[in-house]
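A.B. asks: from the sequence below, what's the structure:
(one chain, ligands or ions: 2)
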Amino acid sequence: MSDHDVRVYEVGPRDGLQNERGAIPTEAKLRFIDLLADAGLREIEATSFVAPRAVPQLADADDLLTRMERRAGVRYPVLVPNERGLARAEAAGADAICVFTAASEAFTKANINVSIAQSIDAFRPVLARARDHGWWTRGYVSTAFGCPYQGEVGEAAVVAVARQLVELGVDEVSIGDTIGVAAPGDVRRVVGALLHAGIAADRLAMHFHDTRGTGLANVAAALELGIRCFDASTGGTGGCPYAPGAAGNLATEDLVYFLDREGLTHGVELDALLVAARHISETLGRPLSTKVGQAGGWRVP
Ligand code: HMG
Ligand code: MG
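C.D. replies: Ligands and ions are numbered 1, 2, ... in the order given. Sure, this is the predicted structure:
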């Protein structure tokens, strides 16, 4: 998928918007997705085919995906919790899906109303059908560093769930710090355990929420361990309705600036990305809270 050093996996249209209360017109979401592709993003998580009652903001998923302009070379994954979601995704023309579960039972129950084991069972037919279609697939492991209901989550629980997703054949597992509590030592502990369990670094992505300002420090730690895919949200929006305390995802503009300065290629152009960030800021009617969204890149005088 990428000739670059790092894959920047954009979750703004999905994770970024799913917890927004005000109605966002489908048109504005489609424009956001277009501007993200203009900026060079090649993986843009577009929406979720979940129960509209669970996430009202993404109730327009069918309409959005059907109308979305698909650019060559861009992957537009969508979240699918069950066979009902899969059927909707198929009808709307998806070709990349993400299933999602968690390392803590309490969060899994709150988020998708099943146990972890039941979620894995439910994914089996979904992923089998996706494989038959030749689709790209990803599995999320949420609450890998802490759970809003249970507290600390040990790395053994993360490894156990990630392993089951790999056994189900997902192309990639994204490890989520859903409520943004991790620091670099936690990243070394959890990612170290995943690598030790035999899950290759190129099948892992990290999904950091920047709730407490540790997002980029966590990226740096994961890079040192060989992880090369990072989830981020342009404009720094984000949160999960079932994770009290979850604030914005790591901002894509902060990540891109950091990677540029580190000399790592990723294919995203910062100034163009800031156009997308401003669009979403105007759509939501509030100023950007991200560091690079406020300061811009550094133009060396
Ligand atoms: P449930 O209530 O247990 O399921 O929900 P159900 O099968 O009893 O269905 C209830 C109703 O929803 C029924 O409708 C179904 O037809 C309908 P009713 O008969 O009441 O009118 N329904 C659906 N409708 C449309 N599409 C579907 C679908 N499925 C059922 N796919 C369910 C279970 C999983 C559906 C629900 O709990 C749900 O949709 N949860 C999604 C929650 C969610 O999207 N959370 C945010 C994403 S995860 C996240 O943000 C974390 C992540 O970013 C990583 C990280 O940060 O860690 C990925
Ligand atoms: Mg998230």
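
A.B. asks: find me the pLDDT at the closest residue to Ala162 other than its chain neighbours, would you?
C.D. replies: Once flanking residues are discounted, Ala162 sits nearest to Val173: 4.8 Å by CB to CB, 6 or more residues apart in numbering. Just so you know, the C-beta spots here come from the backbone N, C-alpha and C atoms, and that holds for glycine as well. In this model, Val173 is scored at 99, pLDDT.

A.B. asks: from ligand 1, how far out is Val173?
C.D. replies: Applying CB to the nearest ligand atom, to the nearest Å, the value for Val173 to ligand 1 is 11 Å.

A.B. asks: next: Pro125.
C.D. replies: From Pro125 across to ligand 1, the span is 14 Å (CB to the nearest ligand atom).

A.B. asks: could you do Asp3 as well?
C.D. replies: Using CB to the nearest ligand atom, Asp3 is found at 27 Å from ligand 1.

A.B. asks: and Arg31, by the same measure?
C.D. replies: 22 Å.

A.B. asks: what is the burial count for Glu172?
C.D. replies: If you count neighbours by other CB atoms under 10 Å, Glu172 ends up with 21.

A.B. asks: do His133 as well
C.D. replies: Counted with other CB under 10 Å, residues neighbouring His133 total 14.

A.B. asks: what residues are up against the spatially closest residue to it that is not a sequence neighbour?
C.D. replies: Nearest non-adjacent residue to His133, counting by CB to CB, 6+ apart: Asp95, 7.1 Å away. Taking CB atoms under 8 Å, 6 or more residues apart in numbering, we find Asp95 in contact with 75-76, 133-136.

A.B. asks: mind checking which helix or strand the residue nearest to Ala162 is in?
C.D. replies: In this structure, Val173 sits in strand 172-177 according to DSSP states H and E.

A.B. asks: ok so, going back, let me know the pLDDT of the residue nearest to His133.
C.D. replies: 97.

A.B. asks: please tell me how far it sits from Arg42.
C.D. replies: 14 Å (CB to CB, to the nearest Å).

A.B. asks: scan the chain for its longest helix.
C.D. replies: Across the chain, the helix with the greatest residue count (assigned by DSSP state H) is helix 116-133.

A.B. asks: following that helix, which helix or strand comes up?
C.D. replies: Note on helix 116-133: by DSSP H and E, the next helix or strand toward the C-terminus is strand 136-142.

A.B. asks: so what touches the strand holding Val173?
C.D. replies: Against strand 172-177 from outside (CB under 8 Å, 6+ apart): 9, 98, 102, 137-146, 158, 162, 165-166, 190-191, 194, 199, 203-209, 218, 229, 231.

A.B. asks: give me the subset of those that also touch ligand 1.
C.D. replies: When contact is defined as CB under 6 Å from any ligand atom, these meet ligand 1 at 140, 142, 207, 209.

A.B. asks: let's have the residues you listed in TSV, adding pLDDT and neighbour count.
C.D. replies: Below are those laid out as TSV (pLDDT from 0 to 100; neighbours: other CB atoms under 10 Å):
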residue	pLDDT	neighbour count
Tyr140	98	24
Ser142	98	29
His207	98	24
His209	97	30
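
A.B. asks: quick check: the farthest pair among these?
C.D. replies: Distance extremes for those: the farthest pair is Tyr140 and His209 at 12.5 Å, using CB to CB.

A.B. asks: up against ligand 1, what does the chain have?
C.D. replies: Within the chain, the positions near ligand 1 by CB under 6 Å from any ligand atom are 15, 18, 48-51, 54-55, 79, 81-82, 84-85, 88, 100, 111-113, 140, 142, 176, 178, 207, 209, 240, 242.

A.B. asks: list buried residues within those.
C.D. replies: Buried members of the residues of the chain next to ligand 1, scored by 16 or more other CB atoms under 10 Å, are 15, 18, 48-50, 54-55, 79, 81-82, 85, 88, 100, 111-112, 140, 142, 176, 178, 207, 209, 240, 242.

A.B. asks: what's opposite whatever residue of the chain ends up closest to ligand 1 in the beta bridge?
C.D. replies: Closest approach between the chain and ligand 1, counting by CB to the nearest ligand atom: Gly176, at 2.3 Å. Beta-bridge pairing for Gly176 (DSSP bridges): His207.

A.B. asks: Leu194 reaches Ala160, doesn't it?
C.D. replies: No: with contacts counted by CB atoms under 8 Å, Leu194 stays clear of Ala160, the gap being 10.7 Å.

A.B. asks: who has more neighbours, those two?
C.D. replies: For Leu194 versus Ala160, the count of surrounding residues by other CB under 10 Å is larger for Leu194: 25 against 14.
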